[in-house]
Structures are given as C-alpha cells and as structure tokens.
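>>> Return atomic coordinates for the entry below.
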Amino acid sequence: MSARTEFGMTRTGSARIAALPDRLREVDLTLATDRARVGDVEELAAYLEADGLGDEVLRARYGTAGLFDAAERLYVQRGTGQALGRRRHAQMPAFPWARAARGPLYLLPGLSGLLAARVLGPAATDAFVGAAMFGWGWTTTIGSLRYAEPFGVPGHAMRALLVLGAGAGTLGGALCAGLSGGTPDLRSAALGALVGGTVALSSGAAGVLLSLHRTGPYALAFAIPLLAAVAVTAAPTAEAALATLGLLALMPLLSALHATRPAGQLRPSWATLRPHLAHAPQGWMLALTFALLTQRLGAWTLLPLVLATGLLEGTVWHVQERLQRAARLSADLRELRRTGLPTVLLGAAAFALVPAAWAYIVPRLPIAVPALPDAWAFVGLYGAALMLSAWLANHGRLVVLTLTWACGAALMLTPVFSSSLPALCTAMTLLCAALSAFALHASLDPRSYR
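The predicted structure follows:
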C-alpha cells in the first residue's frame with residue numbers, strides 16, 4: 001500500500017519522518033488499532049479530529065505543525081495499514097453492566113434538594129424545579145468538556161463551569177421564586193437564590209464526579225445530604241431544611257474540588273468552554289419536556305426512566321461498540337451501512353423494553369405505588385426517544401436535537417396532545433419517528449462508526 005503525503009513522499013519510500021514527540025506518542029498508543037486499518041493520511045486525520053484533536057490543539061500541545069502534520073507523522077509509523085490484508089475477525093463486545101448499575105445514583109441530588117425545598121414552601125420548590133432543569137443541561141456541557149482532554153483531567157476548566165453553573169442557578173432560582181406568586185417578592189427571591197444556587201452547584205458537582213467515574217465519592221457526597229433530607233421530612237423545620245441545603249452544597253463541592261485538583265491542559269477560558277456550551281440547550285429542552293410530562297403523568301410514572309439512566313448509558317456505549325465492530329468486519333462502505341443501519345434502532349428498542357416492563361409490572365403489584373398502570377407504552381416510547389437522543393448527541397447532532405425536543409415540549413403544551421394518555425403516546429410516537437430518521441441519516445456517515 002502506498003499513499004502520497006503532503007511532503008511529497010510515500011509511506012513505502014525511503015524518507016521517514018523523525019521520531020514522535022512524547023505527547024504525540026501517547027496519542028499513537030491509543031490509535032494503534034485504528035492506524036493498523038487506515039488506508040491513507042486523510043483517514044487517519046479524520047480519526048484524530050473525531051477524538052477532538054484538531055489543528056489548534058495539535059499545534060499548541062502536541063509539538064506538531066497541525067492536523068495533517070500529526071497524521072503524517074503517525075501514518076509512517078510501523079504497523080500502519082497492516083490489518084487491511086488480514087482476514088477480519090472481531091469478538092462481540094460485552095455489555096457494560098457496571099454503567100447500568102449507576103442509574104439509582106442519578107436520583108440522589110434531585111431527591112435531596114426536592115425534599116428540602118418542599119419544607120421551605122412553594123417558592124423554594126419553584127426555584128428547585130428551575131435549577132434542576134438548568135442542571136440537566138449544564139451537566140451535559142461538563143461531560144463534553146471532560147472528554148475534550150482524553151489523557152488527563154481538565155480540572156481548572158471544569159471548576160470554571162462549576163462556578164458559572166452555580167451563578168446561573170442562583171440568578172435563575174431568584175427569578176423563579178421571586179415571581180412565583182405573580183408579583184415580585186424580595187424575600188422569596190432571596191430564598192430562591194439560595195435553593196437555586198445550591199441545586200445548580202450540586203448538579204454540576206454530580207456531573208464532574210460521574211464524568212470522571214468517581215462513583216464512590218459521588219455516593220458518599222450525596223448520601224449524607226439525602227439522609228438529612230429524609231430526617232427533615234420526618235420533622236419539618238425551616239432551619240433543618242436550610243442545614244440540609246448547606247450539606248447538599250458543601251459535600252458534593254468538596255468531592256468535586258478534590259477530583260479536579262489536576263489543572264489539566266485546557267485553560268479555563270471562553271475559547272475553551274465555548275465549543276461545549278452547545279450541549280446545554282438540548283439538555284434544557286430534554287429537561288423541559290420531562291418537567292411537563294411529570295406534571296401531567298406524575299413523578300412515579302416516569303421514575304423507571306430515571307432509574308434506567310445508567311442502563312441507557314450502557315446501551316449507548318454498547319451500540320457504539322457494535323458499530324465499531326461492524327467497521328472492523330466490513331469490507332466496504334456499503335456492507336458497513338447494511339450492517340450498521342439497524343443497530344441503533346434495535347438498541348433503542350431493546351432499552352425501551354426495560355422501563356416499559358417496569359411501568360407495566362410495578363403498578364400491578366400488591367403495593368401502593370401512585371403510578372399510572374396504563375402508561376407503560378408511553379414510558380417505553382419515551383425511553384426509546386431518550387436513547388436515540390443520547391446516541392445522536394454523542395455524534396454532534398446537537399442543533400437538530402434541540403429543535404426536535406423543543407417541538408416535543410411544544411406538543412406537550414397543546415390541548416390536543418396533552419388531553420389524554422393516548423394523545424401523549426401519539427406525540428411521543430411522532431418524536432420517536434423523527435429521531436429514528438435522524439439516527440438512520442447519521443448512520444450513513446462513516447464517522448458514526450468510530
């Protein structure tokens with residue numbers, strides 16, 4: 001195999017690029033499998049870009065002249081293209097059950113804050129809802145930032161997002177609570193600022209800890225505030241509720257600060273944070289839709305989706321691994337697409353069965369669970385939509401996701417679709433159909449198999 005480089009020489013020629021810089025050698029170690037099956041420099045450059053290593057990053061931190069210079073240096077290393085002539089074989093990936101077990105952890109921040117806010121009154125509850133919706137989108141931004149530095153921890157940049165999120169939550173909580181009664185109320189605004197800032201800060205800390213896979217510190221940081229919140233529910237006083245909010249702000253913050261001690265290579269600047277902020281709007285639209293549906297159907301009806309969040313993460317991860325396996329086994333793009341096109345839809349359908357089964361079985365058990373027994377089909381459709389959205393977000397379809405879920409939230413507000421459960425099922429079916437079409441279109445792109 002021979003491929004002409006931008007320097008006018010070929011990989012099989014006698015001229016060879018000098019040894020790799022130390023940091024670029026780290027990249028080469030992670031790309032060894034991909035490099036073994038690439039056919040030219042351009043394909044290797046695409047792999048680098050897909051990992052977030054663009055021109056500016058490679059020039060600033062990896063000692064190269066840019067994207068194609070780095071791809072050129074990596075391409076001439078021993079082993080490039082050696083897999084192209086081999087008989088293809090790849091083992092079926094195992095499902096990441098460890099991720100599935102994380103689902104209940106997502107309940108801890110919201111449950112602690114909600115129990116404390118309810119004791120403080122309706123204004124504090126409104127502030128909690130607004131801050132929780134903001135935190136949903138903000139944690140997606142934190143997760144995106146974390147993977148922008150795959151070989152380290154962007155500690156200072158993640159701390160910057162924590163501060164920005166807490167500030168926005170404080171302001172939003174003050175507005176939600178101050179205007180909840182119809183007229184401005186400074187006392188309610190001050191209480192809302194406290195609740196909103198606390199919830200936004202704890203949500204951001206949760207995003208930091210989970211993105212860094214610090215499951216143990218995460219559980220410990222939120223278990224103590226949750227125990228305090230349960231105690232407040234048993235003996236409700238404003239002082240105890242405020243103390244619980246203090247624990248909810250302090251414990252996760254300390255854990256997040258400890259986890260982000262490494263400064264990282266990414267500077268906490270606008271240029272660093274701006275590319276990742278695009279993840280937040282689609283998260284906010286998801287949160288708005290969830291809040292509207294919770295108001296219509298009740299929190300207990302949608303609880304299976306929250307508990308299955310870890311399973312959703314594992315399903316998205318497993319689907320992508322299966323797509324990568326298809327890329328290794330396929331001889332050409334047509335075969336790859338034929339194998340890969342149904343994979344995402346089948347993954348969404350398989351995931352949807354779990355919350356749907358929960359929503360069908362649990363309300364029929366001889367225990368008092370205030371969930372709608374006939375909502376299992378809707379919960380399954382909603383689960384499939386969330387799984388498709390998570391996969392599309394990983395592949396950069398953020399604008400279309402934001403617009404789609406904004407339309408979904410608008411549908412939930414219309415009397416036609418919000419009047420009954422069958423009407424809501426119809427709206428969710430339309431949403432699933434749109435997301436399925438977007439997923440099929442994304443599956444045509446070879447970069448979706450990385």
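>>> Please, which helix or strand holds the most centrally placed residue in the chain?
Centrality entry for the chain: nearest residue to the mean C-alpha point is Thr140, 4.7 Å, by Cα atoms, centre = their mean. In this structure, Thr140 sits in helix 122-146 according to DSSP states H and E.
>>> Give the buried residues for the very next helix or strand once past that helix.
Using DSSP H and E, the helix or strand that follows helix 122-146 towards the C-terminus is helix 155-178. Residues of helix 155-178 classed as buried under the neighbour-count rule (16 or more other Cβ atoms under 10 Å) are 155-162, 164-166, 168-178. Every residue, glycine included, has its C-beta placed from N, CA and C.
>>> Could you do stretch 397-413 as well?
397-398, 400-402, 404-409, 411-412.
>>> Alpha carbons of it, as PDB, please.
C-alpha atoms of stretch 397-413 as PDB (Å, rounded to 0.1, in the frame of the first residue of the first chain):
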ATOM      1  CA  ARG A 397     -26.300  16.400  16.100                       C
ATOM      2  CA  LEU A 398     -27.000  19.000  18.800                       C
ATOM      3  CA  VAL A 399     -28.900  21.600  16.800                       C
ATOM      4  CA  VAL A 400     -31.400  19.200  15.400                       C
ATOM      5  CA  LEU A 401     -31.800  17.600  18.800                       C
ATOM      6  CA  THR A 402     -32.500  21.000  20.400                       C
ATOM      7  CA  LEU A 403     -35.100  21.800  17.800                       C
ATOM      8  CA  THR A 404     -36.700  18.400  17.900                       C
ATOM      9  CA  TRP A 405     -37.200  18.400  21.700                       C
ATOM     10  CA  ALA A 406     -38.300  22.000  21.600                       C
ATOM     11  CA  CYS A 407     -41.100  20.800  19.200                       C
ATOM     12  CA  GLY A 408     -41.700  17.900  21.500                       C
ATOM     13  CA  ALA A 409     -42.200  20.200  24.500                       C
ATOM     14  CA  ALA A 410     -44.500  22.400  22.400                       C
ATOM     15  CA  LEU A 411     -46.600  19.400  21.600                       C
ATOM     16  CA  MET A 412     -46.900  18.500  25.300                       C
ATOM     17  CA  LEU A 413     -48.300  22.000  25.900                       C
END
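>>> okay, and the helix or strand of the chain with the least pLDDT?
Least confident helix or strand of the chain, by mean pLDDT, DSSP states H and E, is helix 32-35 with a mean of 70.
>>> So which elements touch it?
Counting contacts by 3 or more Cβ pairs under 8 Å, 6 or more residues apart in numbering; DSSP states H and E, helix 32-35 is packed against helix 41-50.
>>> quick one: buried residues of whichever helix or strand comes after the helix it packs on?
Downstream of helix 41-50, the first helix or strand assigned by DSSP H and E is helix 55-61. Neighbour counts using 16+ other Cβ under 10 Å place Asp55, Val57, Leu58 of helix 55-61 among the buried residues.
>>> gap between Ala101 and Gly314?
As judged by Cβ to Cβ, to the nearest Å, Ala101 and Gly314 stand 9 Å apart.
>>> and which of the buried residues of helix 55-61 is nearest to Val38?
Nearest to Val38 among these: Leu58, at 17.1 Å, using Cβ to Cβ.
>>> Correct me if wrong: that closest one contacts Phe68.
No: counting by Cβ atoms under 8 Å, Leu58 does not reach Phe68; the two are 9.4 Å apart.
>>> report the longest helix in the chain, please.
Ranked by residue count, the top helix of the chain under DSSP state H comes out as helix 333-361.
>>> Quick check: next helix or strand after that one?
According to DSSP H and E, the helix or strand after helix 333-361 is helix 376-394.
>>> packing partners for that next one?
With 3+ Cβ pairs under 8 Å, 6+ apart as the test, helix 376-394 has helix 279-297, helix 299-307, helix 309-329, helix 333-361, helix 398-413, helix 421-443 packed against it.
>>> cutoff 6 Å now
On a contact count with 3 or more Cβ pairs under 6 Å, 6 or more residues apart in numbering; DSSP states H and E, helix 376-394 meets helix 309-329, helix 333-361, helix 398-413, helix 421-443.
>>> what angle separates the longest one from helix 376-394?
What that stands for is helix 333-361. Between helix 333-361 and helix 376-394, the angle comes out at 140 degrees (axes from the mean of the first three to the mean of the last three Cα atoms, to 10 degrees).
>>> Just give me how far helix 333-361 sits from the chain centre.
Distance of helix 333-361 from its chain centroid, counting by Cα atoms, centre = their mean, to the nearest Å, is 19 Å.
>>> List the buried residues for that helix?
336-337, 339-340, 343-345, 347-349, 351-352, 354-356, 358-360.
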